[in-house]
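Asks: What follows is a predicted protein model with its sequence.
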Amino acid sequence: MVNTVKVTPEEWLEAAKTALVEEGVPGVKVDRIAKAIGVTRGGFYHHFKNQQDLIDRLIKYWAKSNDMLPIMSGVSTPDEALAKFNELIDRLIMEEDFSPAFDLAVREWGRVDKAIQRSVDKVDNERIKKFTQLFLALGCERQEAPIRARVFYYHQIGFYALSRHNKASRAERFAAAPIYLRILCGRRYADAVELKAPKWA
């Protein structure tokens, strides 16, 4: 039975997101999404001009709502950088504010759509800039920070692309996180952790 309750634009976008993740690009069709949420397609046109408008807004929704990094404003010291790395680990492992599945689905879409790939490239560059800021705050030199940022980011994207996040429990991932951070972040991170550690008599 078709639902007569009005569906908000945000609900349409969430339904489109689910369709993309579960079915891939073919799932992002107005008729299929309307059927999934139990409404007629007529309600769609109260919020969107056409399917391309839905796609454009879905990609903007992905870029805004699925940010890998926590807010970076005001991060300038090693202590602040360590705190942000800890927030980052929670965000990536708990997957409460970041969905790897949504991220990978958009990336896969970008392989066959140049306009979406441009959006992916823009988001990647913005994320790498944030990681660079994080490494600068950690104390890395200006030439080193962007390289470390790219290594860290490319590793994380590859981690998801290979589905490694599905092959270990959250407890196992949290236990391994400090080792990954020491390897990926280098001496500056180890030094900052050492300075922050309590000194027992």
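Replies: Alright, I've got the coordinates.
Asks: Tell me the spacing between Ala115 and Trp109.
Replies: 10 Å (C-beta to C-beta, to the nearest Å). Using the backbone N, CA and C atoms, a C-beta is placed for each residue, glycine as well.
Asks: wait, Ala81 sits on Pro70?
Replies: No - at 11.6 Å, Ala81 does not count as touching Pro70 under the criterion of C-beta atoms under 8 Å.
Asks: Between the two, tell me which one has more neighbours.
Replies: A count of neighbours by other C-beta atoms under 10 Å puts Ala81 above the other of Ala81 and Pro70, at 24 against 18.
Asks: Now the more buried one: which helix or strand?
Replies: Ala81 is part of helix 78-94, with elements assigned from DSSP states H and E.
Asks: In terms of neighbours, single out the busier of Ala115 and Trp109.
Replies: Trp109 (22 against 12).
Asks: what are the C-alpha coordinates of the helix or strand bottoming out on mean pLDDT in the chain, in PDB please?
Replies: Taking mean pLDDT, DSSP states H and E as the measure, the chain has helix 187-196 as its least confident helix or strand, at a mean of 83. Taking C-alpha atoms only, helix 187-196 is exported to PDB below (Å, rounded to 0.1, in the frame of the first residue of the first chain):
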ATOM      1  CA  ARG A 187      58.600   9.800  15.300                       C
ATOM      2  CA  ARG A 188      56.700  13.000  15.900                       C
ATOM      3  CA  TYR A 189      53.600  11.000  17.100                       C
ATOM      4  CA  ALA A 190      55.700   8.700  19.200                       C
ATOM      5  CA  ASP A 191      57.500  11.700  20.800                       C
ATOM      6  CA  ALA A 192      54.100  13.400  21.500                       C
ATOM      7  CA  VAL A 193      52.700  10.300  23.100                       C
ATOM      8  CA  GLU A 194      55.900   9.900  25.200                       C
ATOM      9  CA  LEU A 195      55.700  13.500  26.500                       C
ATOM     10  CA  LYS A 196      52.000  13.100  27.300                       C
END
